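Chemist: here is my input, please return the structure:
(chains A and B)
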Amino acid sequence: MQGLTFDIAHLLAGTLVLVSFIELYQDRLTALINVYAAHAIVLTLSVAWQALAQHAPHLYITATIALVFKAAVIPLALRRIVIRLGIHREIETVVGVGPAMLIGIGLVALSMVVMLRVTAEADPLAREDLAFALSVVLLGLLMMVTRRNAVSQVIGFMSLENGLVLAATGAKGMPLVVEISVAFSVLIAFIVIGIFLFRIRERFDTVDIQALDRFRGERR
Amino acid sequence: MVVYALFGVLALVALAPVAIALGASSPATNTVYGASFIVTLALCVIALLALFGHPGPAPAVVLPLGLPWLGAHFRIDALSAFFLVVINLGGAAASLYALGYGRHENFPQRVLPFYPAYLAGMNLVVLAGDAFSFLVSWEFMSLSSWALVISHHEDRENLRAGYVYLLMASFGTLALLLAFGLLAGAGGNYTFEAMRAAHPSAGLAALVLVLALVGAGSKAGVVPLHAWLPLAHPAAPSHVSGLMSGVMTKVAVYGFIRIVFDLLGTPDWWWSLLVLFIGGATAVLGVLYALMQRDLKRVLAYSTIENIGIVFAALGLALAFKASGMTFAAALAFTAALLHVFNHSLFKNLLFCGAGAVLVATGERDMEKLGGLIHRMPQTAFVFLIGATAISALPPLNGFVSEWLTFQAILLSPQLPSWGLKLMVPAVGALLALSAALAGACFVRAFGISFLGRPRSQAAIAAQETDVNSLTAMYFLAALCLVAGILPGLFIDALAPVAQIGVGGHMPVQTGVEWLSIVPIAESRSSYNGLLVFVFVAMSGVLAAFAIHRLASDRLRRSAAWDCGYPDPSPLTQYSAGSFAQPIRRVFGTLLFRAREIGEMPPPSSTRPARLTVNMHDPIWDTLYVPISRFIDYATDRMNVLQFLTIRRYLTLVFVALVLLLLVLAIWP
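Modeler: Next up is the predicted model:
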């Protein structure tokens, strides 16, 4: 049983990293939002499996939160925003897909090396989990850095947060309070950023943040 | 004991808000300085009791302040007690002096609140028993003195002085912070007991020594970190200048002794080379700078640098002897350093008070505008002369005793085992001898140009004797200079428990020696009797005066008044400060300060006066500070771009930093 538990947790966490890569590959916003929903679903599965493996029923609540908000509410809302803004056909990357993928592979390798060395004495389950979680965090950050559109930066930020949740649930004994607060903070961040998107749009007729730079009179 | 001391400090701190409440009202000056005088006197008594009291381990008081897991430790051991005496004796004299001097302050509300706070800060530094409270008190002291330096901020020079002072003070504190961090080690126990118990490795200990030298040395004014001192000390009101020069530099010496002698354990011999060399260089450079100045208070500030050099050279010597296991010689050098600390605090305070009295009477600090003050301010001139004699290390005053002891320690250097020290110590001795001679010249110049001759300006003609309070304070300090000069044995014995802490041994007891002599090593080798010299000087002086008055012809003669070699009636034809220093400037300054004299003669038939311009460069300012400030300007200019990046670039910066740190973690062995 121990071997199977480990394998399945490993599989789910690995899938999360894989979906992060798929996110990185998408250059259209609607597709990106869909992939993000998939990302959240994989996270839900992973958290649920941890709940089962650790006999920690409160993690089911975390999984439910992830399923409801991250896999349903937020993607739907984002889709509405994108359609209302009329930017669902936009293609926007600063770094091309190829280099971004290569950098991503490097980041995953780095986080593996770091985590496996640092947590030599830890429980193997938590250890692998942390390594994958760090990869997801770094990939989310990479996404924020390589995208120009505010919406995809929001998605990058939220997949980064998914990585945090993965790390938090992988470690035993994480109290629920923290997770709920994290979930709500993300929701609030989402709302705030959503409002900002509309404000930016109203003012500058675009959510391309390059417009902000132009407005500030910056040279590129 | 320490509890009473802390109450005293609390009283001083509480005085600051009182001073703020009183503002510029007329009783404010008297209240604040009077209360400061009483409290510092009480603290001085407490410190003396602690110094002469029980020699056992001092009980510590832990206050629930500061870091929650550490608290604030305070205690008095012999070393702190000695420095408490220095601080509060100086503080009491300065407060008494300020009862008179403070009346002439235009904006007392800018000085009064900070003055007691400054005294409290200095007291807290030596009372502190852990690194955290030490550093907090140290910064408190720096900041309150900074406020006093810029109290006359109408003058742009003072603002600049304050700026340089603040920069150097933060730099020094940073060095001390790092030193304490290294001493505390990975365990992070910041009490002095824990640091004393830990034995750092040799490399680490050397690093701590260098950091302590930089941190404490920058506050004490060790070359090349002295740049702020001659700017800041004269800028403050005179009684504060006296405190900064006479007392605060000693607090810095305390910091150095506490770290290097007490906390760091047994030294390696080569550490002392660094301290010795820096001490010798500081002494010579300080006094040479002092000789080049025209500003009376600046002369005194540079002379502080010289004396700090002597103290550090003696401390270096003590380190060398201690490392070689020669406890007795180490105790001699250490006692000499401490005695010089005490003596310098007396006469430097006295001299600054004298300079303050001159400043009040004439409004001038420029010596070229003074002169002839001995007729108008005879009492100030008398005490200033005593101070100048003491600082020039002439017997029977106290400056001679400590420098003599230092040289006695230097003469023991052939017994040192290592050749490096055997060669280095006499060289440093030569530097000290040179600086002692130059200091004599410097104070002949300072006293002669300011007080003798004929007045060089209207202000000097109109000068009036200063008030009773100021004179009392100055007479008090002068009397102490004399007492410490003729009864040095008492002071050496009092320093025995301090030397025990510093070097683990003490000098032989001096009170049993006949005729109040002091015998530092052995009767056959050397001894000094201040009382004898004093009696001899007094007797020969009286006899000479008697002989001149009695035996010389008292027949009435009438003739043209002797013009002292000045047929021109203008007082400008007298020797001036610049001309007095010219020979020394030509010998040393040409190379060191790149001093160039440009004489400009008008063509015949022109009525224009001839001009002599002297160009001098400060070598350390030009080669050290200017490049550093240029580099910082350049770097900040380049980094200014960072203030105006796009959001995505900031994110990229964060991302790259994170990845780099992870890489370091991955590659780290």
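Chemist: would you list the phi and psi of the residue of the stretch 501-650 of chain B found nearest chain A?
Modeler: Nearest to chain A in the stretch 501-650 of chain B, going by CB to the nearest CB, is B:Thr646, at a distance of 4.8 Å. From N, CA and C alone the C-beta is placed, and that goes for glycine too. Backbone torsions for B:Thr646, taken as degrees, to the nearest 10, come to phi -80, psi 160.
Chemist: average pLDDT across stretch B:654-669?
Modeler: Averaging pLDDT along stretch B:654-669 yields 87.
Chemist: same check, this time on stretch B:538-556
Modeler: 87.
Chemist: ditto for stretch B:182-192
Modeler: pLDDT averaged over stretch B:182-192 gives 82.
Chemist: where exactly do the helices run in the stretch 101-250 of chain B?
Modeler: For the stretch 101-250 of chain B, the helices defined by DSSP state H, counting those that start in this stretch occupy B:108-111, B:114-127, B:131-149, B:156-184, B:192-197, B:202-220, B:229-235, B:238-243, B:249-257.
Chemist: point out the most buried one among those.
Modeler: Comparing the helices of the stretch 101-250 of chain B by mean neighbour count (mean count of other CB atoms under 10 Å in any protein chain shown), helix B:238-243 ranks first with a mean of 29.
Chemist: can you pull the contacts of B:Gly420?
Modeler: Each residue near B:Gly420 by CB atoms under 8 Å, 6 or more residues apart in numbering or on different chains is listed here: B:269-270, B:273.
Chemist: among those residues, which ones are in helices?
Modeler: B:269-270, B:273 (DSSP state H).
Chemist: and the residue of the stretch 501-650 of chain B closest to chain A, how many residues sit next to it?
Modeler: By other CB atoms under 10 Å in any protein chain shown, 16 other residues sit near B:Thr646.
Chemist: next one: B:Leu551
Modeler: Neighbour tally, B:Leu551, other CB under 10 Å: 8.
Chemist: with B:Asp467 instead?
Modeler: With other CB under 10 Å as criterion, B:Asp467 counts 16.
Chemist: could you do B:Ile278 as well?
Modeler: B:Ile278: 21 neighbours (other CB under 10 Å).
Chemist: same deal with the one 3 residues further on?
Modeler: A count of neighbours around B:Ala281, defined by other CB under 10 Å, yields 19.
Chemist: ok, now A:Leu116?
Modeler: A:Leu116: 15 neighbours (other CB under 10 Å).
Chemist: do you know how far it is from A:Ala53?
Modeler: From A:Leu116 across to A:Ala53, the span is 20 Å (CB to CB, to the nearest Å).
Chemist: the residue lying closest to B:Ala361 once chain neighbours are set aside and B:Phe588: what is the separation?
Modeler: Nearest non-adjacent residue to B:Ala361, counting by CB to CB, 6 or more residues apart in numbering or on different chains: B:Ala463, 4.0 Å away. Separation of B:Ala463 from B:Phe588 (CB to CB): 33 Å.
Chemist: which non-adjacent residue is nearest the residue most central in space within chain A?
Modeler: With distances taken as CA atoms, centre = their mean, chain A has A:Ser159 as the residue nearest its mean C-alpha position (0.6 Å). Closest residue to A:Ser159 apart from its sequence neighbours, by CB to CB, 6+ apart: A:Gly140 at 4.2 Å.
Chemist: for chain A, what spans make up the helices?
Modeler: A:2-25, A:29-54, A:58-65, A:74-85, A:97-118, A:124-146, A:150-170, A:176-204, A:210-215.
Chemist: need these in TSV (columns: distance to B:Phe536 and mean pLDDT).
Modeler: Compiled in TSV, the helices of chain A are given as follows (distance: least, CB to CB, whole Å; pLDDT from 0 to 100):
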stretch	distance to B:Phe536	mean pLDDT
helix A:2-25	94	87
helix A:29-54	94	89
helix A:58-65	95	81
helix A:74-85	98	83
helix A:97-118	78	88
helix A:124-146	85	85
helix A:150-170	86	82
helix A:176-204	85	66
helix A:210-215	86	67
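Chemist: domain map for chain B?
Modeler: Domains of chain B are assigned by automatic domain parsing as B:266-541, B:575-615, B:624-667.
Chemist: that older thread, so between B:Ala463 and B:Phe588, which is more surrounded?
Modeler: Counted by other CB under 10 Å, B:Ala463 and B:Phe588 do not tie: B:Ala463 has more neighbours, with 23 against 19.
Chemist: what's the pLDDT at the more buried one?
Modeler: The per-residue pLDDT reported for B:Ala463 equals 89.
Chemist: sorry, back to before: looking at the domains of chain B, which is buried most?
Modeler: domain B:266-541 (a mean of 22).
Chemist: how long is it from one end to the other?
Modeler: Start-to-end span of domain B:266-541 (CA to CA, to the nearest Å) is 49 Å.
Chemist: now find how far off-centre that domain is within its chain.
Modeler: Computed by CA atoms, centre = their mean, to the nearest Å, the chain-centroid distance of domain B:266-541 equals 11 Å.
Chemist: now swap in stretch A:98-118 and tell me
Modeler: With CA atoms, centre = their mean, you get 16 Å for stretch A:98-118.
Chemist: gap between B:Gln379 and B:Leu471?
Modeler: Taken as CB to CB, the span from B:Gln379 to B:Leu471 is 6 Å.
Chemist: typo on my end, A:Val165
Modeler: From A:Val165 across to B:Leu471, the span is 79 Å (CB to CB).
Chemist: and for B:Gly512?
Modeler: Per CB to CB, B:Gly512 is found 38 Å from B:Leu471.
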